[in-house]
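*Asks:* Structure for this input, please:
(2 chains)
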Amino acid sequence: MNEFIEQFLIESRELIEQATDDLLTLEGKPDDAERLDNAFRAFHTLKGAAGIVDFDAMARALHAAEDVLASVRAGDEAVTPELISDCLTCLDQVAQWLDAMQADGQPPADADAAAEALVKRFHRTAAPVVAPDARATPDWVEALVAQHRLGEASVALRYAPEPDAFLRGQDPLSLLAAVPNLLALELDESEAWPPLGELDPFRCRLVFLALAACTATEARQAVHPANGHFAIHGIASQDPRAGDLSLTARHLVEAQLQLLGGASQEGLAGRMASAARVAVNVLQYSARGGEVGAVERALARSLEVGSPDGLAEAIRGVLEGVSEVHATTLSDSVMVERAPVEAAARTLRVDVERIDALVILTGELLVAKNALGHASARAQVGMDLAELAAMLKDQHAVLQRLVDELQRSVLNIRVLQMRYVFHRFPRLVREMVVSLGKPAHLVTEGDETEADKVIVESLFEPLLHVLRNALDHGVESPAARAAAGKPAAATITLRARRQNDNVVVEVEDDGAGVDVARVREVAAQRGVASNEALAEMSDAEATDLIFSAGFSTAAEVTNLSGRGIGMDAVRTAIERLGGRATVESRAGEGTTVRFLLPFAVLMSRVLTVEAGGQLFGIPLEAIRETVRVRRSEIKPIGAAQAFVWRNRTVPLIDLEDALGARSMPSTSHEASVVVATAAGQLGGLRVDKLGERLEVMLKPLVGLLTGMPAIAGTTLLGDGRVLLVLDLQELLQ
Amino acid sequence: MTVRLRNDGVIELVGVCGSEDAEALLRHLCARPTSDVDWRGCDGAHTAVVQVLVAAAVRPLGTPANKFLAEMVAPLLERD
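*Replies:* Numbers count the residues shown, from 1 in each chain, chains lettered A, B, ... in the order given. Model prediction:
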């Protein structure tokens, strides 16, 4: 993809993010002129960017949105939820196009229909501006129409260029000349001209009025590079819809299909070229220039294979295109469905300072390398061993410091702010609120908290699920809230903060809290825990059962939560990131779901163990204890084994067997066991030997190793051996 | 130079007249307010040039070569 497009994508995404934020704030505070201006500017800039990369459909859609925002600014229209929804839908569509562009490196060819649907949507919203409504027709339009009596005129436009238009290199007449089928041009001479001697030839004082037989969209497109004030009015009952083929055009296109239908191969190439040319002309005439590319591509393919079928299909598409346009409706709920599969951030924006730090480090590493070269040269000529050892030790210390620093710097580059994932939620919560009918607002805190890119990106789904749950199950109905003396609108707080080497992310609601009695009941019903176990559980332990597999079932599927994924999926996702998910409930006051996550996902502290002659690493955060268990204390239970640890029966897994390493009969009467937890499961791993604690940088499995079960990643040890780090979650389940 | 003063005192617009020609045209018109302007050889005129013609209430001679000027702009200058 070219750099230009890449930059366009980055900037456009930022603008979408900013505009979404502004629109959502605006909805709550319709009088916030600054936010309105910001949103307007964002749309305007996005439109400009679309123009630069020749993405016409996107520019058209944004232009329509911009017009609506402009009339809000002018006070002609009020900020309504529908208006905000329309603007957000437009941004959603643009985001989809950007994703498509990301994949193909060029604007999607099929964007026109969606753009048209958006434009229609906005024109409906902006009815007073463009509708052919007699009552809204200003005097100048009536005067213009009366003066010219041009039956075929469909739009009237008034264009007052900015006074400095000439200085900006604009030529307003040439823009008007580009309006398709311009029928008449007039000057609005409401102001008298100054004496010729006082005229400033570089200040534009002209105001133009024009009539044209084209659509409002076409007129808008022709003049949209200009600054200044524009008004475009449809003229009653004659405004042809953009995209519709006239009857003549339709006959013409159908005739081309017949032309292609002939069985003879004779002159086929010529017939195909001519049919395509007619179709292209018709498209251009009907303001559907965006579909030209499809026809041209089909022609190229058909010429290549020597069969007209592909081209005929494309031309048939031209005929049917209209119905497609009408069938395209943009659903407001699209976002909720699509969001979870949204792709990860593709680019990182890195602070220059961080790069500079790396450059300096590189310099220092070079010095250290040279010093080592010097040491090896001295060693070659027979240096005193003790002296050499001292020298190497010094160099090692220097390298150690530099490498530590390098590692820290590199990890710092991989960080993203929580904002990246948080900013998507206000929009989604707004939609959930609408569909659930429970008023609530989302407060985010600690947007600027940083964590590793992978962690931040992976938080979207778990957080979305927790937020859904909070709204669906946590927050009471408005009536219940009123009875409890709470404000009608619930507050859901999404909060992130740094805590030493960890990042804490919380979702807190001010709802009723978890109904522990109900949890116990459901857990018993669904066999999550036995009645005896349940009876012994404290309330906190019972509350934690909401994270158990099988606790939430499809039986309670609502529109929002419970799509077959329960809170157990949330816990699993968080643990996969090396974190922990907990819940804290205060009856009547609210619930807090808390994720404790590592700052950097790549760094792992492991304990090395040996089993079957092979070295493995076990993530330290999962290890509860290492114990020695007498063989006699290991009891077979069915095909499995178990032992008692702190009065609990813990299943024992023989690491050799589990990983298929070659087993050697052990002679020792004691076994080393690592007691570990993962995904809420406690288990013991029997190993041959315990090793040391190491801090390692984990590399994900690649190539042939990817399929290996129960291995999270690999790392190289100082002596060159490969250490396989275990994925306990997989191993214990 | 696309704005010329002919020996017979007629101001002539030739070729494509850019925005910078507006000033020259204005200078000529200020010097001889009753001059005729001949735009038959004009292939295009920037809005700034047209504005000077409008402000000076000039009715140029003949039909310009450029279609847009002839069909759309000329009528603007033919009214009082």
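
*Asks:* rest of the way, CA atoms for contacts and neighbours
*Replies:* OK.

*Asks:* Report the residue spans of chain B with pLDDT below the cut-off.
*Replies:* B:1, B:79-80 (pLDDT under 70).

*Asks:* Would you mind naming what in it lies close to chain A?
*Replies:* Selection of chain B residues close to chain A by Cα under 8 Å from any Cα of the partner chain yields B:19, B:22-23, B:26, B:30, B:46-49, B:51-52, B:55-56, B:68, B:72-73, B:76.

*Asks:* if we go to 6 Å?
*Replies:* B:22-23, B:47, B:55, B:72 (Cα under 6 Å from any Cα of the partner chain).

*Asks:* between the residues you listed, which is nearest A:Asp54?
*Replies:* B:Thr47 (26.7 Å; Cα to Cα).

*Asks:* ok, the closest one - contacts?
*Replies:* Contact partners of B:Thr47, counting by Cα atoms under 6 Å, 6 or more residues apart in numbering or on different chains, are A:171, A:173.

*Asks:* For B:Val54, see how far away it is.
*Replies:* Going from B:Thr47 to B:Val54 by Cα to Cα, to the nearest Å gives 10 Å.

*Asks:* gap between the strand or helix carrying A:Arg277 and the chain center?
*Replies:* Per DSSP states H and E, A:Arg277 falls inside helix A:268-285. Centroid separation for helix A:268-285 versus its chain: 40 Å, with Cα atoms, centre = their mean, to the nearest Å.

*Asks:* Kindly report the same for stretch A:714-729.
*Replies:* In terms of Cα atoms, centre = their mean, the centre of stretch A:714-729 is found 34 Å from the chain centre.

*Asks:* Dump it to PDB, keeping only the CA atoms.
*Replies:* Coordinates of each C-alpha in stretch A:714-729 appear next as PDB, following Å, rounded to 0.1, in the frame of the first residue of the first chain:
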ATOM      1  CA  THR A 714       9.500 -20.700  23.700                       C
ATOM      2  CA  THR A 715      12.600 -18.800  24.900                       C
ATOM      3  CA  LEU A 716      16.300 -19.400  24.500                       C
ATOM      4  CA  LEU A 717      18.400 -20.200  27.600                       C
ATOM      5  CA  GLY A 718      21.800 -18.800  28.300                       C
ATOM      6  CA  ASP A 719      23.400 -22.100  27.300                       C
ATOM      7  CA  GLY A 720      21.600 -22.200  24.000                       C
ATOM      8  CA  ARG A 721      18.900 -24.700  25.000                       C
ATOM      9  CA  VAL A 722      15.300 -24.000  24.100                       C
ATOM     10  CA  LEU A 723      13.000 -23.600  27.000                       C
ATOM     11  CA  LEU A 724       9.300 -24.600  26.300                       C
ATOM     12  CA  VAL A 725       7.000 -22.600  28.500                       C
ATOM     13  CA  LEU A 726       3.900 -24.400  29.500                       C
ATOM     14  CA  ASP A 727       0.300 -23.200  28.900                       C
ATOM     15  CA  LEU A 728      -1.200 -24.400  32.200                       C
ATOM     16  CA  GLN A 729      -4.700 -23.500  31.300                       C
END
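
*Asks:* Can you tell me what sits against it?
*Replies:* So stretch A:714-729 is contacted by A:616-618, A:678-679, A:698-699, A:710-713 (Cα under 6 Å, 6+ apart).

*Asks:* any idea how far B:Asp21 is from the closest residue to chain B within the stretch 201-350 of chain A?
*Replies:* Here the stretch 201-350 of chain A gets closest to chain B at one residue, A:Pro201, 5.8 Å apart by Cα to the nearest Cα. Noted for A:Pro201: a distance of 9 Å to B:Asp21, by Cα to Cα.

*Asks:* Spell out the residue ranges of the helices in the stretch 551-700 of chain A.
*Replies:* Counting by DSSP state H, counting those that start in this stretch, the stretch 551-700 of chain A has helices at residues A:567-576, A:655-659.

*Asks:* Of those, flag the one that's most buried.
*Replies:* helix A:567-576 (a mean of 21; mean count of other Cα atoms under 10 Å in any protein chain shown).

*Asks:* Give me the distance from that helix to the chain's centre.
*Replies:* Relative to the chain's own centre, helix A:567-576 is displaced by 21 Å; criterion: Cα atoms, centre = their mean.

*Asks:* and what of stretch A:434-450?
*Replies:* With Cα atoms, centre = their mean, you get 17 Å for stretch A:434-450.

*Asks:* How about residues contacting that stretch?
*Replies:* Counting by Cα under 6 Å, 6+ apart, A:415-419, A:433, A:489-497 sit against stretch A:434-450.

*Asks:* what does stretch A:106-116 give?
*Replies:* Counting by Cα under 6 Å, 6+ apart, A:55, A:57, A:61, A:101, A:325 sit against stretch A:106-116.

*Asks:* quick one: terminal-to-terminal distance for that stretch?
*Replies:* End-to-end for stretch A:106-116, by Cα to Cα: 19 Å.

*Asks:* Please enumerate residues in contact with the lengthiest helix in chain B?
*Replies:* Selection of the longest helix in chain B by residue count, based on DSSP state H, yields helix B:21-31. By Cα under 6 Å, 6+ apart, the residues outside helix B:21-31 that reach it are A:201, B:48-49.

*Asks:* Report the next helix or strand after it in sequence order.
*Replies:* strand B:37-38.

*Asks:* Only the buried residues of stretch A:15-35, if you could.
*Replies:* Residues of stretch A:15-35 classed as buried by neighbour count (16 or more other Cα atoms under 10 Å in any protein chain shown): A:15-24, A:26-27, A:30, A:35.

*Asks:* possible to save these as a markdown table with distance to chain B and secondary structure?
*Replies:* Shown next, in a markdown table, are the buried residues of stretch A:15-35 (distance: Cα to the nearest Cα, whole Å; DSSP: H, G, I helix; E, B strand; the rest coil):
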| residue | distance to chain B | secondary structure |
| --- | --- | --- |
| A:Leu15 | 35 | helix |
| A:Ile16 | 37 | helix |
| A:Glu17 | 40 | helix |
| A:Gln18 | 38 | helix |
| A:Ala19 | 36 | helix |
| A:Thr20 | 39 | helix |
| A:Asp21 | 41 | helix |
| A:Asp22 | 38 | helix |
| A:Leu23 | 39 | helix |
| A:Leu24 | 42 | helix |
| A:Leu26 | 40 | helix |
| A:Glu27 | 42 | helix |
| A:Pro30 | 40 | coil |
| A:Arg35 | 36 | helix |
